[in-house]
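> Here is my input, please return the structure:
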Amino acid sequence: MIRITDSIAIDEGEIEETFVRSSGPGGQNVNKLATSVQLRFDIRRSPNLPEDVRARAERLAGRRLTKDGVLVLIAQQYRTQERNRADALERLVTLLQQAATRPKARKATRPTRASRERRIETKKRRSTVKRMRRPDFD
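Coordinates of the predicted model:
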C-alpha cells in the first residue's frame, strides 16, 4: 500500500508501469535500455479514492488524463530506470496529496468605503471624458 494521507492509501496493484526507450540523457545506453517509465493509474475506477478527491484529481491531472479516466505520467529525466520509476511514483503521490487537501471556502468581504469612493470617482472622470467627446456637448 502506498500512503497518500492518513486516511487514503492506494494499492500498488492499481499502478501499471511500462518501460520504454527514453529520449533524455543516457549516452549510448539510450538506444539499448528502456529507462523511461510510463506510470498509469486509473483515477475513476480506484476503490481507495473518495469521490471528492477523485474529482479534484481529475481536474488537477489536466491533459495527462485519458478519456477513460486513466492518469498517465511519463518520467524520463534520469538515466536509470529505478530513479525514473521513483520520480513517477513521487509525482503521483504529490498530485493525489494536492487533490486530498480541501480548498478553503472564500470568506465573503465587503469593499472598503475608500475603495467604493475611488471606483465612483473613476467612473465620474470617465463619464466626463466621454461626455466631452460628444458633438452635441453644451
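> which stretches of the chain form helices?
In the chain, the segments counted as helices under DSSP state H are 51-61, 81-100, 113-133.
> got JSON lines for these, with mean neighbour count and distance to Lys107 too?
C-beta coordinates here come from the backbone N, C-alpha and C atoms, glycine included. Conversion of the helices of the chain to JSON lines gives the following (neighbours: other C-beta atoms under 10 Å; distance: least, C-beta to C-beta, whole Å):
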{"stretch": "helix 51-61", "mean neighbour count": "16", "distance to Lys107": "20"}
{"stretch": "helix 81-100", "mean neighbour count": "17", "distance to Lys107": "22"}
{"stretch": "helix 113-133", "mean neighbour count": "10", "distance to Lys107": "17"}
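> quick one: which of those is nearest Ser36?
Evaluated over the helices of the chain, closeness to Ser36 peaks at helix 81-100, with 6.3 Å, by C-beta to C-beta.
> Could you list the low-confidence segments of this protein?
By pLDDT under 70, the weakly predicted segments of the chain are 3, 6, 9, 11, 22, 24-32, 137-138.
> Give me the most central residue, it.
Nearest to the geometric centre of the chain sits Leu60, at 3.2 Å (C-alpha atoms, centre = their mean).
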